[in-house]
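Peer 1: Please work out how this folds:
(4 chains)
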Amino acid sequence: MSDCTPDELMTVNAARALAGARTCFVGIGLPSTAANLARHTIRPDLVLIYESGALGAKPTRLPLSIGDGELAETADAVVSVPEMFNYWLQTGRIDVGFLGAAQLDRFANINTTFVDRGPDRPPSRLPGAGGAPEIAANCGEVLIVLRHSTRNFVDKLHFITSIGHGSGRGDRERLGLRGRGPVAVITDLGILRPDPETSEFVLTDVHPGVTVDRARAATGWPLRTAGHVGTTEPPSDHELAALRALTAA
Amino acid sequence: MSDCTPDELMTVNAARALAGARTCFVGIGLPSTAANLARHTIRPDLVLIYESGALGAKPTRLPLSIGDGELAETADAVVSVPEMFNYWLQTGRIDVGFLGAAQLDRFANINTTFVDRGPDRPPSRLPGAGGAPEIAANCGEVLIVLRHSTRNFVDKLHFITSIGHGSGRGDRERLGLRGRGPVAVITDLGILRPDPETSEFVLTDVHPGVTVDRARAATGWPLRTAGHVGTTEPPSDHELAALRALTAA
Amino acid sequence: MTEIRTLPEAVAELIHDGDTVAMEGFTHLIPFAAGHEIIRQGITDLTLIRMTPDVIYDQLIGAGLVKKLIFSWGGNPGVGSLHRFRDAVENGWPRPLELDEHSHAGMANRYVAGASGLPFAVLRGYRGTDLAGRSDTISTVTCPFTGEELAAVAALNPDVTVIHAQQADRDGNVQMWGLTGVQKEAALAAERVLVTVEEIVDELSPRPGGVVLPGWVVTAVARVPGGAHPSYTAGYSVRDNDFYQAWDPISRDRDKFTAWVQANILASEGVLSR
Amino acid sequence: MTEIRTLPEAVAELIHDGDTVAMEGFTHLIPFAAGHEIIRQGITDLTLIRMTPDVIYDQLIGAGLVKKLIFSWGGNPGVGSLHRFRDAVENGWPRPLELDEHSHAGMANRYVAGASGLPFAVLRGYRGTDLAGRSDTISTVTCPFTGEELAAVAALNPDVTVIHAQQADRDGNVQMWGLTGVQKEAALAAERVLVTVEEIVDELSPRPGGVVLPGWVVTAVARVPGGAHPSYTAGYSVRDNDFYQAWDPISRDRDKFTAWVQANILASEGVLSR
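Peer 2: Got it, this is the predicted structure:
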C-alpha cells in the first residue's frame, strides 16, 4: 500500500462495498467518487444512475454536478426526472442507494435539512432533502459515506430528512418501506454496520492505523463495537492509482 | 356542386365544423377523414392529435389505423400513450374531440360497448370504450359524426360508454366535467345541435335534398327541430376534390 | 442480465399456464410472432392484458387459450370487429371469456401505476359512464387538498410482458422508436419481460424518439425478424393492411379460423403468418 | 400561438409582481438570462418554484425579489451552500423567505399532477421523515383497492414557467435535448410559458432524446444565445464550473453580492454574466 489519505481510505472502502451491486443510485460528491471508482476496479459493469435522468452513465472524469453533460452523453438511456423517481427508484428495482449526510444518528437516520446552533442563533440551513428520502426508502439497500466527527455523528438528529432504521429494528417494516435500509456507514476511520438484533450501528472495522478509541472519540453517541473489530484491507496500488486518476481528471 | 354521396355530405360538413378549432383529438374512421379534410380546406393549420401518440400529425393519405407509421413520421412530437392521455387530453388543452359512435341518444351520450338483441340472444359485443370517455369529458368541445338511422339514433342507450349531456342540461357541471361536451352531431342527413335550454339534440340543418321528415324517420326518438331548420351549403368543388383526393390516396 | 434466446426457448421459459400476460403495441410493434409461439406451445388459461387487443389476441382467444381479457378497445383497427373475441364473449366459444373493461386513459394509468410501484393511479375519468359499475378495478379517491373526488384504477403488474422492438445489443439493451405506445410502462410493470427484435446489433445508436430499456430490466431477448407482421416495425416494414382486411372473413367463421390457425401457425411454425 | 419576442419584452409581458414562477433546469439548461432580466426589471414579491434552486435563485433571493420558495434541494451543486438563500432563511436578509420544502420525488410528482390537470399526485415517499409535518402540501391517501396509505402531494401550477432550450422554429415549436429534467412537466403545468433558446431555426430536426413542446403550448419564445450561462446547453456550451466555484466567495458577503449584481446584471444588461 502506498501512503494514502483518510479520504482515500474512505473512498476505496466505499467502492468495495459495491462488490455485489448491479445498479447504484448515486448521490453527488463522495458517493459519486466511490461509485465511479468501483466501475474502474471491482465492478466494471456497475450501472450508475444519477437522479438528473442518466441511467447507466459512464463518466470518464468525476462530474462536479449531478447534471454534468457527460452523464447524459455516456448513459444507456436518459429519462425525465419524474420517470426516474417513479419508474426507476420508487419500484425498488435499484440495488444500492449511495448517500452522504450532514448529520447521522446511531440508526443511520440522516439530516440534511438544518442544524440547531443554540438558543441565540438561528438554525444553520442545509440544502435539504433532494432525492435522499426516497433513495433511502426504496433502494434495495443503502450505503452511506461520511467523514467521522462528533459534528456529523450525533446523538440526536435535529431533523430527520431521510430514514435509516428509525428508532431501531422493525421500524422500517412498520413504516412499509421497501428496501432493507442502510447496511454500512463508511467513514475515514472505519466502517459501521447495523447490529442484527437492534439495528444500532456498531463499529465493525477500522482502517489500518486507526484505533477503536479514536473512532469512539469521533462519534457523538456511545459507539458500540462488534464482537470482533476487523481492520480493513489497505488500498491496493491499483485501487489508489485508479482513484487518483479519477480525481485528477 | 357536383353530385355527391350522403357520406360525402356528412364528411364535408364535419370538416367545416372545425373552422374555429386550433387542435383536434381525432378518432379513427369518419372523424379522421373529416379532420384531415379540414386540414386540406378550411383549417390548414389544424393540429391533429391521435391517441397513439402523434401530436400534430400531417398524414398525406388517410390512415387505416390510429397507429399508422405516417402519423408518427409527420408529427410535431410523438409522445407515449400515458403522456397523451394525462398531459395532453386530461388537462382540457385540446379544443375539439371528434368522435364516432355505435349508438347515440338525444343528449349525445354514446354507446360503443354492447347492444342488446332481445331475450333470446346475447348482447352484440362492440369494441368498447377506447379513448372516447375521456375525450368526451375533457376536450373543450365534442363533435360527433355518425350515419343517421334508427339503429344508431336510439331512444335509450343500452350502455353509456361516453358521456354527452347526461340526462340534460346541467349534468356535465354536476359531474365536474371540464369540457362543454357535444356541440354538434353531423350525419349523412343533416346536423343536430343541443337546445340551449335542455341540451336535447334537435335538428338544426338538413343537407340539400333531405327533408325534415326523412331525418325524423331515421331517428329512434321523437326528433325535435330548431325553430328554423336550415339547409347546409352544398359541398364546393374544392371541398369535394380534396375529399376525393384524400380517400383515393 | 438478459439472456439471448430463440423464440421457442424464451416463450417456454418465461410464459406458463395461468400467467397474466401483456403483449402491448399500439398498432405498431405488435409481437405477433411471440403470440403464435404461445399458440404452438399451447400455453393456456391465460389472462391477457392489452389496451387494444388486436388480431393476435383474436387468434389466442379463438385458440381457446384465454380465460380473461383486461382491455379498453377490442376491434380490428380500421376494419371492424374481432370476431373470435365476439364469439367468445357472446357465445362462450371455444370457452367463456371473462372481461375487465376500461377506457384507454384508465388502462394507460393502470400500467403507469404498475411501472411506478404504486397500487393505484388517479385520473379524471369514467365520470358519467357505466364503465365504473362493471369493474372492480375502478374506484374513487378524494383529493386530500381540494376535496375533489377522482377516479382511481388498480395497478397492472403482469407476470410477463412481451413486446417487439427494432433492435437489441448483445447485452440485451433494447431500443424501439416510432409510436412506442405504453410499452415502456408495460415492461417496467411486469415480473418478466420478453422482447423480440428485428435485429441484434453491436451497439445501439440513440434515435430520435428512441425508447431504451436497459438490459437489466429485460429477462430475455429473441431475434425474430418480421416478428410484428402483419403489424409493422418502423424502419423495417410497413403495416400489412391487406392482412387486417383479410382477417375479417377468416375470423368470422369458426371452421375457417381453425383451419387457418392449423395451416399458418401450428403446422408451419408461423412461416406463412410472417 | 407563440410570439417571438425580445427577452425584455417577453419578461415584461409574462411575469408580474406577485407571480408564482418556475424556472426549471436540472443543472442543464438553467434560464439564467431570463432570471437576470427579472432582476433588471425589479419584478418582485415572487413565489419561486424549483427542484434545485441554484445560483440564479440565489441571485433573485439576494436581490430581495422573492417572498417564498418551493423547492427540494437548495445548494450550489458540487460547491456547497447557496449563501443568499441561507442568509434569507437564517437572518431574513434582505427579506424573510417563506419555505415549502419537499423531496425531489415529491416535487417531480407535484409538477406531474399540475401537467396532468389533477389536484394531487400519489407517491411512495416521505415515510418516517420530518418533512411531511412541515408542509401543508404533503398529505396522505388510502388506496381504495389495497388499503395501503401513501403520500399525496398537491399539484403545482405556476403562473409562469421559464425554461431554456436549444432551438425553436418560427412557429414557436421548441426542442431541447440532453438532460431535460422536469421541464416538460413544469411547462405544461403553467398558465404561461416563456422559452429562451440558443437559436431560431427554419425547421426542427428530431434529435435523440429530444423533447418537443409544440408552439401552441408556448406563450413566448426569445432568442438568447448563451442564455443558460453559467449553466450549459448541450450542443452549444459547457458548464462553467469555475463560475459556480467563484460564486461561493461572492455570495458569502452581502456587499460583494450587491456589488456583483450591480456590475454584472443591473449596469451591464447581463453582458458580463453570459
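
Peer 1: quick one: strands adjacent to the lowest-mean-pLDDT helix or strand in chain C?
Peer 2: Lowest on mean pLDDT, DSSP states H and E among the helices and strands of chain C sits strand C:3-5, with a mean of 90. If you go by DSSP bridges, strand C:3-5 pairs up with strand C:220-223 (parallel).

Peer 1: By mean pLDDT, flag the weakest helix or strand of chain A.
Peer 2: Per mean pLDDT, DSSP H and E, helix A:69-73 ranks last in chain A, at a mean of 85.

Peer 1: which bits of chain A sit near chain C?
Peer 2: By C-beta under 8 Å from any C-beta of the partner chain, the residues of chain A that approach chain C are A:22-23, A:47, A:55-56, A:76-77, A:86-87, A:90-93, A:138, A:178. Where C-beta positions appear, they are placed from N, C-alpha and C, glycine not excepted.

Peer 1: Please pick the buried ones from those residues.
Peer 2: A:23, A:47, A:55-56, A:76-77, A:86-87, A:90-93, A:138, A:178 (16 or more other C-beta atoms under 10 Å in any protein chain shown).

Peer 1: which one is the residue in chain C that chain B sits nearest to nearest to, not counting chain neighbours?
Peer 2: Of all residues in chain C, the one sitting closest to chain B is C:T27 (2.4 Å; C-beta to the nearest C-beta). Nearest non-adjacent residue to C:T27, counting by C-beta to C-beta, 6 or more residues apart in numbering or on different chains: B:G67, 2.4 Å away.

Peer 1: That neighbour touches C:L179, doesn't it?
Peer 2: Yes: the pair B:G67 / C:L179 is scored as a contact, 5.2 Å apart, by C-beta atoms under 8 Å.

Peer 1: can you list the residues of chain C near chain D?
Peer 2: C:117-124, C:137, C:139-146, C:148, C:150, C:152, C:154, C:205-210.

Peer 1: what residue lies at the spatial centre of chain A?
Peer 2: With distances taken as C-alpha atoms, centre = their mean, A:I144 lies nearest the centre of chain A, 2.2 Å away.

Peer 1: Could I get the full set of strands for the stretch 101-250 of chain C?
Peer 2: For the stretch 101-250 of chain C, strands defined by DSSP state E, counting those that start in this stretch occupy the ranges C:120-123, C:138-142, C:149-154, C:160-169, C:174-176, C:192-201, C:211-213, C:220-223.

Peer 1: Output these in CSV; the columns should cover mean neighbour count and mean pLDDT.
Peer 2: CSV is the format used below for those (neighbours: other C-beta atoms under 10 Å in any protein chain shown; pLDDT from 0 to 100):
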stretch, mean neighbour count, mean pLDDT
strand C:120-123, 26, 98
strand C:138-142, 18, 98
strand C:149-154, 22, 98
strand C:160-169, 27, 98
strand C:174-176, 27, 98
strand C:192-201, 22, 98
strand C:211-213, 23, 97
strand C:220-223, 24, 98
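
Peer 1: possible to save these as TSV with distance to B:V229?
Peer 2: Formatted as TSV, the strands of the stretch 101-250 of chain C follow (distance: least, C-beta to C-beta, whole Å):
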stretch	distance to B:V229
strand C:120-123	40
strand C:138-142	41
strand C:149-154	40
strand C:160-169	53
strand C:174-176	52
strand C:192-201	57
strand C:211-213	52
strand C:220-223	62
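
Peer 1: Now do the shared contacts for B:G67 and C:L179.
Peer 2: B:52, C:26-28 (C-beta atoms under 8 Å, 6 or more residues apart in numbering or on different chains).

Peer 1: so which of the residues you listed would you say is closest to C:E3?
Peer 2: Of all the shared contacts of B:G67 and C:L179, C:H28 has the smallest distance to C:E3: 25.6 Å, by C-beta to C-beta.

Peer 1: Could you tell me how many residues sit around the nearest residue to the closest one once chain neighbours are set aside?
Peer 2: In this structure, C:H28 finds its nearest non-sequential neighbour in C:L179, 4.4 Å apart by C-beta to C-beta, 6+ apart. Number of residues near C:L179 (other C-beta atoms under 10 Å in any protein chain shown) recorded here: 30.

Peer 1: next one: A:F107
Peer 2: Taking other C-beta under 10 Å as the criterion, the count of residues near A:F107 is 23.

Peer 1: buried set for stretch C:77-90?
Peer 2: So, applying 16+ other C-beta under 10 Å, buried residues of stretch C:77-90: C:77-79, C:81-90.
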